Every structure is written in structure tokens, then in C-alpha cells.
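[1] Okay, sequence plus prediction incoming.
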Amino acid sequence: TQRTLVLLKPDAVRRKLVGEIVGRIEAKAGWTVEALELRQLDRATLEQHYAEHIGKPFYEPLVEFMLSGPVVALVVDGERVIEGIRRLAGPTDPIAAEPGSIRGDFGTIVRENLIHASDSEESAIRELKIFFPGLS
Ligand code: GTP
Ligand code: MG
């Protein structure tokens with residue numbers, strides 16, 4: 001099976017959507033939450049995590065938003081979980097996301113789109129090392 005990194009962003013925590021979102025992930029047959037932690041991120045971690053976006057116009061406001069409160073970081077293991085959680089989340093822009101998806105049901109603002117999930121096996125390996133370096 002695969003493992004992926006999920007972050008429930010500060011808007012999800014502030015709006016008390018953690019249970020709702022984790023519930024949707026747990027409800028999928030055969031997927032397992034292997035780690036789950038409420039965590040205040042720092043700038044250095046976000047610089048690594050969002051390295052591909054450094055220099056883009058949305059980068060600074062994105063980092064400020066991600067520093068604005070704690071996130072919930074999860075490791076999820078399961079069958080095709082990388083593609084699967086991206087599908088559960090929906091597209092980056094919540095207005096373009098179908099109702100039924102996490103962003104489609106709860107979001108309106110591109111930056112405050114509730115959830116991050118690794119977008120490929122390569123990204124998952126890279127991001128899991130940043131957020132859960134001790135994971136075997
Ligand atoms: P993540 O799962 O969080 O990585 O989102 P994503 O893969 O759907 O989007 P991407 O990696 O391209 O961008 C990372 C995050 O930056 C997004 O989730 C948004 O919060 C934010 N973002 C991306 N593009 C834009 C944009 O055009 N405008 C703004 N304001 N924010 C953006
Ligand atoms: Mg991304």
C-alpha cells in the first residue's frame with residue numbers, strides 16, 4: 001500500500017472541521033490513520049514543504065495563513081490513498097470543487113482550502129520526511 005501526508009489547514013482547525021474531515025478519511029475501506037497530531041508549524045518547515053511555490057505571488061500570504069494557527073498533520077496508509085485523498089479533497093479552488101468533496105462542501109477561498117494532501121508518490125515520500133522524520 002501507499003502512505004500519504006495530509007495537513008488539515010488552520011481554517012479547518014478553527015472551524016472545528018477536524019472530526020468531519022478525519023471521519024471521511026477513516027470511512028474509506030482499508031485506509032488507516034497511522035499518525036495524527038495537532039501542531040503549530042514554523043516558517044522553516046513551510047519553506048521546505050512549499051519549496052516549489054517560493055517566489056510565486058501567493059507564496060507569502062499562503063505561509064502567513066499556514067502560520068496563523070495549528071494544523072493537524074496525519075499519515076494515512078492504504079490502497080491508492082494518494083490519489084484517493086486528492087479526490088476526496090477536490091480541486092485547489094473550492095468554488096471549482098464538486099459538492100461532496102471536502103473543499104466543495106466547506107470552502108470558498110483558494111488559499112483557505114482546508115486540506116493539503118501529497119500529490120504523488122514522490123511528493124509523499126518527500127513530505128513525510130519533513131513532517132514525520134521518525135516514521136519507519
Ligand atoms: P495542497 O494540497 O495544499 O498542496 O494544494 P494543491 O496541491 O491543490 O495546490 P498547490 O500545491 O498548487 O498550492 C498549494 C496551496 O497554495 C493551495 O492549496 C492553496 O492554498 C494555495 N494556492 C495555490 N494556488 C493559489 C493561487 O493561485 N492563489 C492563492 N491565493 N492561493 C493559491
Ligand atoms: Mg500541492
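    Thanks, I have the structure now. Ligands and ions are numbered 1, 2, ... in the order given.

[2] What's the mean pLDDT across the biggest helix by length in the chain?
    Of all the segments of type helix in the chain, defined by DSSP state H, the longest one is helix 121-131. Average pLDDT, helix 121-131: 98.

[3] can you list the residues of the protein near ligand 1?
    58, 62, 92, 110-111, 113, 116-117, 119 (C-beta under 6 Å from any ligand atom). In this view, the C-beta of every residue, glycine as well, is placed from N, C-alpha and C.

[4] For ChimeraX, what selects the buried ones among the residues you listed?
    Restricted to buried positions by 16 or more other C-beta atoms under 10 Å, the ChimeraX selection for the residues of the chain next to ligand 1 reads:
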select :62,113,116,117
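
[5] now, which of the residues of the chain next to ligand 1 lie within helices?
    In this view, the residues of the chain next to ligand 1 that belong to helices under DSSP H are Leu62.

[6] Narrow the residues of the chain next to ligand 1 to those in strands?
    Using DSSP state E, the members of these that fall in strands are 116-117.

[7] So the residue located most distally from the centre of the chain versus ligand 1, what's the distance?
    Distance to the chain centre peaks in the chain at Gly55, reaching 21.2 Å (criterion: C-alpha atoms, centre = their mean). Separation of Gly55 from ligand 1 (C-beta to the nearest ligand atom, to the nearest Å) stands at 13 Å.

[8] Appreciated, that's everything.
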